[in-house]
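Q: Predicted structure and sequence below. I'll ask about it afterward.
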Amino acid sequence: QVQLVESGGGLVQTGGSLSLSCVASGRAISDYPMAWFRQAPGKDREFVAGMSWSGGSTFYADSVKGRFTISKNNTENTCYLQMNTLRTEDTAAYYCAAQLPFHSASRAPSAYQYWGQGTQVTVSS
C-alpha cells in the first residue's frame, strides 16, 4: 500500500507560480508511475501530467504543456508538480496518484490505484 499526501496548493494571481508536493509513505515510489490530475467543480477529473516509473519519460495534457513540470525525488519519496504562468482555468483540486509498480504510465484515472486527498489551487484574475 502507498499513502500519498499532497501539499502546496493555495491562492495565486494569474501569471503566478505554485509548486505542489506529494509525499509518499508505505512503499518507495521509485518503481511507481506517478501522475497529477485535477478536478474543477462540476467537471470530471482530468489528467494533468504523468511520469514513467523510471522517471525517464514525462507527458502532459496539452493545456499545461510548457507551463507545468512533473518530477520525482526517489530519495525524498516525493513527487512534484511545478506550475508556472498559471491561468484562471487552472483552478481546481489537484490530486497525486500512483499506479502499480513497473506498469506503463497512463493518462486514464482508472489506471491509478493510489490517490492523495487533494490540494486546492485557486488562480485569481
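A: Ah, there it is. Numbering: from 1, shown residues only.
Q: For residue 32, the count of nearby residues, please.
A: 27 (other C-beta atoms under 10 Å). In short, each C-beta sits where N, CA and C put it, glycine included.
Q: Same check on residue 11?
A: Residue 11 has 12 neighbouring residues, counting by other C-beta under 10 Å.
Q: Could you double-check that it sits in contact with residue 122?
A: Yes. Using C-beta atoms under 8 Å, residue 11 makes contact with residue 122 at a distance of 4.8 Å.
Q: pretty sure residue 116 contacts residue 8?
A: No. Using C-beta under 8 Å, residue 116 is not in contact with residue 8; the gap is 11.4 Å.
Q: more crowded one of those two?
A: residue 116 (23 against 16).
Q: Starting from the helix or strand hosting residue 69, tell me which strands it pairs with and how they run.
A: Assigned by DSSP states H and E, residue 69 belongs to strand 68-73. Its sheet considered, strand 68-73 pairs with strand 78-83 (antiparallel) by DSSP bridges.
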